[in-house]
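A.B. asks: quick one: sequence and predicted model below, then my questions.
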Amino acid sequence: MKLAIGYLYGDLMNIYGDIGNIIALKKRAEWRKIDIEVKNISIGSKLKKGDVDIFFFGGGQDQAQELVSRDLLGSNGSVIKQEIERGAPLLSICGGYQLLGEYYKPHNNPKLPGVGLFPAYTIAGDNRMIGNIIIESMFGKLVGFENHSGKTYLKQGAVPLGMVVKGFGNNGEDQTEGCIHKNAIGCYMHGSLLPKNPKLADWLLKKALEVKYQKEINLEPLDDTLEVQAHNAAIKKFE
Ligand code: GLN
């Protein structure tokens with residue numbers, strides 16, 4: 001089997017080691033003899049339906065978000081939205097997550113329109129929310145690192161990725177963190193997220209294969225001793 005990972009705006013949106021998520025997806029697939037191609041989708045790319053089986057969109061500073069927001073107003077944004085509606089999985093982190101909501105309002109700039117994939121909106125707050133974060137989710141505990149001033153508010157009916165155990169999450173107010181819509185996930189969890197949360201990494205791979213090959217896929221278990229040690233060490237930091 002083979003999968004194409006669409007790395008969205010990686011040349012502009014890759015902070016706090018978010019490329020580690022691409023590496024984790026690639027290795028966990030290759031360890032299972034699944035061929036992986038990473039396709040860089042950035043400004044000027046013309047994304048077409050079916051080009052990509054799984055999307056990754058990392059974090060970025062306000063300046064990069066402005067450029068990317070403009071590009072997403074074109075066909076790339078609408079194709080991403082259509083692909084998610086057909087069930088393609090996506091992981092977006094922080095700045096990427098913000099641009100997949102309805103809008104992101106930076107401090108001193110006008111609102112940046114989002115793709116409208118997640119029923120959520122983001123407004124830059126006065127303080128940065130920085131530190132290690134733990135949430136409870138459908139994947140069990142997820143651990144990561146956050147650094148954002150943006151406060152994301154989920155609209156009526158939106159489903160959070162999970163609830164904050166330690167840290168700030170979407171906005172530091174309502175205990176929610178992230179958002180999930182079909183097989184698309186947005187969250188504030190840098191780290192990078194997937195190496196320390198193998199269950200989530202495998203869920204993304206499983207969904208991508210099931211949508212592409214239209215059948216149930218049970219991934220062969222891997223030896224996750226190191227991943228689990230890293231995961232548990234992150235949790236222990238708070239004890
Ligand atoms: N610029 C956005 C914010 O500060 C996103 C930052 C990020 O991607 N870490 O909220």
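C.D. replies: Done, it's in.

A.B. asks: next, the buried residues of the top strand by length along the chain.
C.D. replies: Using DSSP state E, we find that the single longest strand of the chain is strand 120-137. For strand 120-137, burial by neighbour count (16 or more other C-beta atoms under 10 Å) applies to 120-125, 129, 132-135, 137. (C-beta placed from N, C-alpha, C; glycine too.)

A.B. asks: same list (the residues you listed) but as JSON lines, adding distance to I23 and pLDDT.
C.D. replies: Shown next, in JSON lines, are those (distance: C-beta to C-beta, whole Å; pLDDT from 0 to 100):
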{"residue": "A120", "distance to I23": "28", "pLDDT": "98"}
{"residue": "Y121", "distance to I23": "31", "pLDDT": "98"}
{"residue": "T122", "distance to I23": "27", "pLDDT": "98"}
{"residue": "I123", "distance to I23": "32", "pLDDT": "98"}
{"residue": "A124", "distance to I23": "30", "pLDDT": "98"}
{"residue": "G125", "distance to I23": "31", "pLDDT": "95"}
{"residue": "M129", "distance to I23": "26", "pLDDT": "98"}
{"residue": "N132", "distance to I23": "21", "pLDDT": "97"}
{"residue": "I133", "distance to I23": "21", "pLDDT": "97"}
{"residue": "I134", "distance to I23": "23", "pLDDT": "98"}
{"residue": "I135", "distance to I23": "22", "pLDDT": "98"}
{"residue": "S137", "distance to I23": "22", "pLDDT": "98"}
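
A.B. asks: which one of those is nearest A184?
C.D. replies: Distance to A184, by C-beta to C-beta, is smallest for A120 among the buried residues of strand 120-137, at 11.8 Å.

A.B. asks: my read: the closest one touches K155, true?
C.D. replies: Yes: the criterion here is C-beta atoms under 8 Å, and A120 meets it with K155 at 6.2 Å.

A.B. asks: other SSEs contacting the helix or strand following the longest strand of the chain?
C.D. replies: Remark: after strand 120-137, the chain's next helix or strand is strand 140-154, criterion DSSP states H and E. Where contact means 3 or more C-beta pairs under 8 Å, 6 or more residues apart in numbering; DSSP states H and E, strand 140-154 is packed against helix 95-99, strand 120-137, helix 225-236.

A.B. asks: what residues does this protein put near the ligand?
C.D. replies: 15, 59-62, 65, 94-95, 147-150 (C-beta under 6 Å from any ligand atom).

A.B. asks: which of the residues you listed are buried? Put it as a PyMOL command.
C.D. replies: Buried subset of the residues of the chain next to the ligand, written as a PyMOL selection, criterion 16+ other C-beta under 10 Å:
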select buried, resi 15+59+60+62+65+94+95+148+149+150
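
A.B. asks: between the residues of the chain next to the ligand, which is nearest Q229?
C.D. replies: Nearest to Q229, judged by C-beta to C-beta, of these is N147 at 24.1 Å.

A.B. asks: could you list every residue that touches that closest one?
C.D. replies: N147 makes contacts with 16, 94, 128-130, 190, as judged by C-beta atoms under 8 Å, 6 or more residues apart in numbering.

A.B. asks: would you indicate which residues of the top helix by length along the chain are buried?
C.D. replies: Determined from DSSP state H, the single longest helix within the chain is helix 198-213. Residues 198-209, 211-212 are the ones in helix 198-213 that count as buried (16+ other C-beta under 10 Å).

A.B. asks: hmm, back to that, save the residues of the chain next to the ligand as CSV, and put in pLDDT too.
C.D. replies: Converted to CSV, the residues of the chain next to the ligand look like this (pLDDT from 0 to 100):
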residue, pLDDT
I15, 86
G59, 97
G60, 95
Q61, 93
D62, 93
Q65, 97
C94, 98
G95, 98
N147, 97
H148, 98
S149, 97
G150, 98
